[in-house]
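Student: Predicted coordinates and the sequence they were generated for:
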Amino acid sequence: MDTIVITANDYILVLLGDPSLPYPYNPEQRFNAHDLEMVAALRRTLDRLTGWRFELVDDHRQFSAGLAYRAPRLVLNLCNTGFGNHPERQLHVPALLETLELPYAGAGPACMALCHDKQAVTRIAGDLGVPVAVQAALRLSGDISLPPGIRYPAFIKPNFGDGSTGVTPDALVTNAAAARRHCHRLAERFPGGWVLIEHYLPGPEYSVGLIGNPGTDLSVLPPLELDFSGLPPGQPPILTEAAKVAPDSADWQGVALRPAELDSERLAVLRGDVSRVFERLGCRDYARMDYRCDGAGTPHLIDVNPHPMWGFDGMMATMAGYAGHDYAAFIELVIDAASRRLEAR
């Protein structure tokens with residue numbers, strides 16, 4: 001029997017996380033109500049877009065077999081959960097799309113692998129002249145011996161991964177004893193892993209979104225600032241893991257997003273910096289970069305997310321809103337950016 005291949009010029013395949021599988025990123029070990037609402041809002045939004053036919057695929061058992069029988073104009077890779085809902089396997093999804101030679105929106109596997117190594121990103125950005133935090137790497141194995149030259153207060157975070165994984169209020173340490181205690185706690189969760197110990201940057205924290213591609217249509221969205229004023233008294237102003245995965249937590253509810261207040265000179269520098277980093281790391285179509293300011297107000301790059309969350313209330317959609325784009329227009333901008341890049345090959 002002949003194989004039927006689904007194909008059409010207006011056909012876009014949308015890949016999502018699998019709600020039927022465990023999801024270890026969330027405290028509940030499964031999709032929570034907020035995750036399901038994001039998908040529902042996406043469905044409603046795609047139904048409103050004209051000129052395209054969308055098929056949403058969230059059964060990861062189809063990713064290997066089912067995708068081979070589809071020939072979409074574009075695959076919109078919104079699978080931030082990683083293949084099989086394993087966050088460390090985010091890059092496996094674009095790797096599969098590459099193997100199947102399917103055109104897709106967003107970062108490739110090499111870019112994702114590079115950006116998940118935070119120390120590598122810091123070194124590359126620093127070589128480009130972008131301000132970065134002073135940091136040292138430490139492996140969480142055996143007798144934990146802190147590297148020399150640490151200046152306190154310091155901030156400790158896992159080197160690999162994203163989503164503020166492993167970041168708790170205790171990540172901000174004021175002395176060596178506290179640093180060792182926190183590293184031992186992280187070693188229990190990430191045995192043999194690597195952490196970065198950074199000089200703490202006490203100023204505001206910003207996020208900068210980009211849509212498009214270098215040399216053609218790369219656009220920097222108006223940055224946002226994280227407002228930590230709603231956190232419990234005495235809690236440090238840092239974005240913890242709970243602030244991203246636990247909607248009922250004080251960390252989630254205590255952090256708000258607001259437009260960043262930056263003077264024109266600093267904003268111009270920031271736009272130039274993120275554009276160079278975007279191109280150097282091989283980001284495509286859309287990405288988000290996070291900054292934290294030192295005591296003098298100078299923004300320092302702290303993270304690059306080449307595969308940022310796409311939800312209606314997320315940072316990317318919020319910054320698109322600052323630029324006058326509603327959620328539907330934000331999704332269309334990503335689709336258009338990928339389409340133009342692929343057509344130019």
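Tutor: Yes, it's here. Numbering: from 1, shown residues only.
Student: list the contacts for V57?
Tutor: Taking C-beta atoms under 8 Å, 6 or more residues apart in numbering, we find V57 in contact with 13-16, 63, 66-67. For the C-beta atoms, the positions are set from N, CA and C on the backbone; glycine is no exception.
Student: Out of the residues you listed, which end up buried?
Tutor: 13-16, 63, 67 (16 or more other C-beta atoms under 10 Å).
Student: export the residues you listed to TSV and tack on secondary structure?
Tutor: Converted to TSV, the buried ones among the contacts of V57 look like this (DSSP: H, G, I helix; E, B strand; the rest coil):
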residue	secondary structure
L13	strand
V14	strand
L15	strand
L16	coil
F63	helix
L67	helix
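Student: how's this protein carved up into domains?
Tutor: As assigned by automatic domain parsing, the chain contains the domains 6-105, 113-131+201-223+260-343, 135-199.
Student: Which among those domains is found nearest to P232?
Tutor: Closest approach to P232 among those (C-beta to C-beta): domain 135-199, 9.0 Å.
Student: Go through the domains of the chain and name the closest to A243.
Tutor: Closest approach to A243 among the domains of the chain is made by domain 135-199 (6.8 Å; C-beta to C-beta).
Student: can you give me the offset of that closest one from its chain's centre?
Tutor: 21 Å (C-alpha atoms, centre = their mean, to the nearest Å).
Student: hang on, the earlier thing: figure out which of the domains of the chain is closest to W252.
Tutor: Comparing these by C-beta to C-beta, domain 6-105 comes nearest, at 9.0 Å.
Student: tell me the mean pLDDT for that closest one?
Tutor: The average pLDDT within domain 6-105 is 92.
Student: got it, and stretch 157-176?
Tutor: 92.
Student: Show me what the helix or strand containing Y286 is packed up against.
Tutor: Taking DSSP states H and E as the criterion, Y286 maps to strand 285-293. On a contact count with 3 or more C-beta pairs under 8 Å, 6 or more residues apart in numbering; DSSP states H and E, strand 285-293 meets strand 205-212, helix 264-281, strand 299-305, helix 315-322, helix 327-343.
Student: May I have it exported as CSV, CA atoms only?
Tutor: Output of strand 285-293 as CSV, limited to C-alpha atoms (Å, rounded to 0.1, in the frame of the first residue of the first chain):
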residue,chain,number,x,y,z
ASP,A,285,14.0,33.6,14.0
TYR,A,286,13.5,34.5,17.7
ALA,A,287,15.4,34.4,21.0
ARG,A,288,15.5,36.1,24.4
MET,A,289,18.5,37.4,26.3
ASP,A,290,18.6,38.2,30.0
TYR,A,291,20.7,41.0,31.6
ARG,A,292,21.5,42.0,35.2
CYS,A,293,22.9,45.4,36.1
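Student: so what strands line up beside it?
Tutor: strand 205-212 (antiparallel), strand 299-305 (antiparallel) (DSSP bridges).
Student: now what about the longest one, what contacts it?
Tutor: Strand 205-212 has contacts (C-beta under 8 Å, 6+ apart) with 218-221, 223-226, 228, 237, 239, 260, 262, 270-271, 274-275, 278, 283, 285-293, 299, 302, 308, 315-316, 319-320, 333-334, 337.
Student: all helices in the protein, in order from the N-terminus.
Tutor: 33-48, 62-65, 92-99, 109-115, 118-127, 176-189, 242-245, 250-253, 264-281, 315-322, 327-343 (DSSP state H).
Student: Nearest to R73, out of those helices?
Tutor: helix 327-343 (7.8 Å).
Student: tell me the angle the closest one makes with strand 205-212.
Tutor: 50 degrees (axes from the mean of the first three to the mean of the last three C-alpha atoms, to 10 degrees).
Student: helices or strands next to helix 327-343 in the packing?
Tutor: Taking 3+ C-beta pairs under 8 Å, 6+ apart as contact, the helices and strands that helix 327-343 lies on are helix 33-48, strand 74-77, strand 104-105, strand 205-212, strand 285-293, helix 315-322.
Student: Which of those sits closest to V132?
Tutor: With C-beta to C-beta as the criterion, V132 lies closest to strand 285-293 of these, at 9.9 Å.
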